[in-house]
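# Requesting a structural model of the entry that follows:
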Amino acid sequence: MNALINWLNKHVVPVAAKIGSIRWLVALRDAFISIMPLIMAGSVANVINALVKNLPTQFGWTGFVNSMQWLIAINALVWTGTTAVLGLLFAFTFGYQMCVQYKVEPIAGGLVTLGTFIMGLPQSFSLDLKAALTKGDVKAITDAGAVVAGKNVSAWGYFNFNKYFGAYGFFTVMIMGGIAIAVYIMLMKKHITIKMPASVPPAVSNAFTGIIPAVAGLYVVGIINYLFQLNNTTVIDFISKTIQEPLMKVSQGYWSVLLITFLVQLFWFFGIHGTNVLAPVTESIWTTALIANVNAYHNGKTLPYMWTRTDFDLYVWIGGAGSTLLLLLAILIFSKREDQRAVAKVSLVPGIFNINEPVMFGMPVVLNPIYFIPFVLAPLVMVSISYAALKFGLVNPVRAQITWAMPPFLNAFLGTMDWRSIVLQAVNMVIGFFIYVPFVIAANNMKPEAE
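This is a model prediction of the structure:
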């Protein structure tokens, strides 16, 4: 075991550390973290509406639902300003965080990526009617500025709010926004800017400094968008069909979910925050799936994705990466070592709220050979069981984002609005607990210095 750990420490840990220090990936992670308060606000609105509208409607409590229309309407407004426009919000935070990493003016950078996103959106709508319009209807519609061609009505100057402003635009922001902000940062670093006298206030000076880099970045992306328009398509639709949709499809496969679980555990065992290191992957792919599910549920549509970012927190990382809450329970019941029991007692309450640094570094679990196998194995078994349960429809997919610090059982129900998710979580906890038990008992025979 020690030979394996030494080999991994030599060959894997440096790679993980290097990935965690790439500024583009750090910026991508922080951009998603920045919009988390708005994701949570929108999810709170969705959860409340589920409790006062969706669930009561299933039981025929129409009187109660009617009395709650005022609250339902407020929640809809909150959703409109948060979850419904996360693509738009992410467009700003991505550019902002990129500039923070490269230490250049961040507000102008955020506006560049925001403008890049809006620039690539289709600005027209087309609607196919079931029946032809009368001459009077055609005249009224054309007088209003629309175009009627047979049973088709089209008009310019409209954004498709439901389609483009949510998770659909994330990958476009990463690619096209990445191009624009790269140009902006490069010119800022080379000082190809308008330089103002020292007497000019900093706010004004900073605004003028970003003009040339911003114009250059926006024009580069503008040219790309124009070339796509010449081919009767848009960048956002092209990226979605050729990059985002295939990646999202791959992300729903069992091996993808299993691999990311394994890597998070492996990195964590060596003291590297695996959840943070791989956040650019988990957030950009599985958070995209989560937002798509949240918006679909709000609009009364079928949930498009089975596995989301929240599923890892609900079923795989109970008490934190490695499901260390289950290790703490196993230690408190079966351990005879006072040192481990003392750490477990201190770590239990934070563990209930999915904070596991006290046990990871206080026990420690990090680089502790006795706990390497269960720390990696338990989440792999739990993710396999959970994936199968979702695959066969035994549990509803996640439809609301919940904070990672929410305790078990409560987070499962609020995230899925399905009591069966609590059962699945309980089953996983029991199985994970018994995976840890033999190793806790084995640790009774080891002296602390032997670890």
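# Name the SS class of the closest residue in space to Phe125 that isn't next to it in sequence, please.
Nearest non-adjacent residue to Phe125, counting by Cβ to Cβ, 6 or more residues apart in numbering: Tyr158, 4.8 Å away. No exception for glycine: its C-beta is placed from N, CA and C like everyone else's. Following DSSP: H, G, I helix; E, B strand; the rest coil, we place Tyr158 in the coil state.
# Ramachandran coordinates for Tyr158?
Torsion angles at Tyr158 (phi, psi; degrees, to the nearest 10) stand at phi -130, psi 130.
# Same check on Phe409?
According to degrees, to the nearest 10, Phe409 has phi 80, psi -50.
# State the distance from it to Gln425.
According to Cβ to Cβ, to the nearest Å, Phe409 stands 6 Å off from Gln425.
# again, but for Tyr226
Using Cβ to Cβ, Tyr226 is found at 51 Å from Gln425.
# Who has more neighbours out of these two?
Using other Cβ atoms under 10 Å as the criterion, Tyr226 and Gln425 rank with Gln425 on top: 22 against 11.
# Can you tell me how far the most centrally placed residue in the chain is from Lys336?
Central residue of the chain (Cα atoms, centre = their mean): Thr287, 2.5 Å from the mean position. Applying Cβ to Cβ, the value for Thr287 to Lys336 is 43 Å.
# Quick check: mean pLDDT of stretch 358-366?
Mean pLDDT, stretch 358-366: 89.
# how distant is that stretch from the center of its chain?
Put simply, stretch 358-366 sits 27 Å off its chain's centre (Cα atoms, centre = their mean, to the nearest Å).
# Wait, a strand at Ser154?
Yes. Per three-state DSSP, Ser154 lies within a strand segment.
# Apart from its chain neighbours, what residue comes closest to it?
The spatial neighbour of Ser154 that comes closest, neighbours along the chain excluded (Cβ to Cβ, 6+ apart), is Ser126 at 4.3 Å.
# Apart from its neighbours in sequence, what residue is nearest Val365?
Of all residues not flanking Val365 in the chain, Tyr371 sits nearest, at 5.1 Å (Cβ to Cβ, 6+ apart).
# What is the neighbour count of Arg399?
Per other Cβ under 10 Å, the neighbour tally for Arg399 reads 25.
# Thr172 now?
Using other Cβ under 10 Å, Thr172 has 26 other residues around it.
# In contact with it, which residues?
Residues near Thr172 by Cβ atoms under 8 Å, 6 or more residues apart in numbering: Gly87, Phe117, Gly120, Val235, Ile236, Ile239, Ser240.
# The fifth one reaches Lys163, doesn't it?
Think Ile236. No. In this structure Ile236 lies outside contact range of Lys163 using Cβ atoms under 8 Å: 9.2 Å.
# neighbour count winner among those two?
For the pair Ile236 and Lys163, the greater number of neighbours falls to Ile236 (26 against 16), based on other Cβ under 10 Å.
# Just the contacts of Thr172: which are in helices?
Gly87, Phe117, Val235, Ile236, Ile239 (DSSP state H).
# Compute the distance between the second one and Val221, please.
Read it as Phe117. 10 Å.
# Spell out which residues are contacts of both of those two.
By Cβ under 8 Å, 6+ apart, Phe117 and Val221 have these common neighbours: Met176.
# Check which helices and strands whichever helix in the chain runs longest sits against.
What stands out as the longest helix in the chain, according to DSSP H, is helix 419-443. The contact analysis (3 or more Cβ pairs under 8 Å, 6 or more residues apart in numbering; DSSP states H and E) places helix 419-443 against helix 324-334, helix 369-391, helix 410-416.
# Now that helix: buried residues?
Within helix 419-443, the residues that qualify as buried are 421-422, 424-425, 428-429, 432-433, 435-437, 439-440, 443, counting by 16 or more other Cβ atoms under 10 Å.
# CSV for those residues, including pLDDT?
Shown next, in CSV, are these (pLDDT from 0 to 100):
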residue, pLDDT
Ser421, 96
Ile422, 97
Leu424, 97
Gln425, 97
Asn428, 97
Met429, 97
Gly432, 97
Phe433, 97
Ile435, 96
Tyr436, 96
Val437, 94
Phe439, 92
Val440, 93
Ala443, 88
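# which pair in those spans the largest distance?
The distance between the two most remote of the buried residues of helix 419-443 (Cβ to Cβ) is 32.3 Å, for Ser421 and Ala443.
# wait, isn't Met417 in contact with Val398?
No. Applying Cβ under 8 Å as the test, Met417 and Val398 come out as separate, 9.5 Å apart.
# Between those two, point out the one with more neighbours.
Using other Cβ under 10 Å as the criterion, Met417 and Val398 rank with Val398 on top: 32 against 18.
# quick one: that one is in a strand?
No. Remark: Val398 does not belong to a strand; assigned using three-state DSSP, it is coil.
# Surely it touches Leu314?
Yes. At 7.2 Å, Val398 counts as touching Leu314 under the criterion of Cβ under 8 Å.
# Give me the common contacts of those two.
Joint contacts of Val398 and Leu314 (Cβ under 8 Å, 6+ apart) are Gly415, Thr416.
# which one is Gly222 nearest to, not counting chain neighbours?
Gly222 sits nearest to Met119 (Cβ to Cβ, 6+ apart), 6.2 Å away.
# Could I get the contacting residues of that neighbour?
Leu218, Val221, Gly222, Asn225.
# State the helix or strand in which the third one lies.
To tie it back to what came earlier, the one meant is Gly222. helix 211-230 (DSSP states H and E).
# can you list contacts of that helix?
108, 111-112, 115-116, 119-120, 176, 179-188, 192-194, 234-235, 238.
# Just the buried ones among those, please.
108, 111-112, 115-116, 119-120, 176, 179-181, 183-185, 187-188, 193, 234-235.
# can you pull the contacts of Ser205?
Met196.
# now it: how far from Leu114?
22 Å.
# Ok, Leu121 next?
Leu121 sits 12 Å away from Leu114, going by Cβ to Cβ.
# Equivalent analysis for Ser256, please.
Using Cβ to Cβ, Ser256 is found at 31 Å from Leu114.
# Who has more neighbours out of these two?
Comparing Ser256 with Leu114 by neighbour count (other Cβ under 10 Å), the higher total belongs to Leu114, at 22 against 17.
# Looks like the more buried one contacts Phe90 (just checking).
No. Counting by Cβ under 8 Å, Leu114 stays clear of Phe90, with 9.5 Å between them.
# list residues touching both of the two?
Common neighbours of Leu114 and Phe90 (Cβ under 8 Å, 6+ apart) do not exist.
# mind checking how far stretch 256-272 is from the chain centre?
That offset, for stretch 256-272, works out to 17 Å (Cα atoms, centre = their mean).
# doesn't Leu127 fall inside a strand?
Yes. Counting by three-state DSSP, Leu127 is part of a strand.
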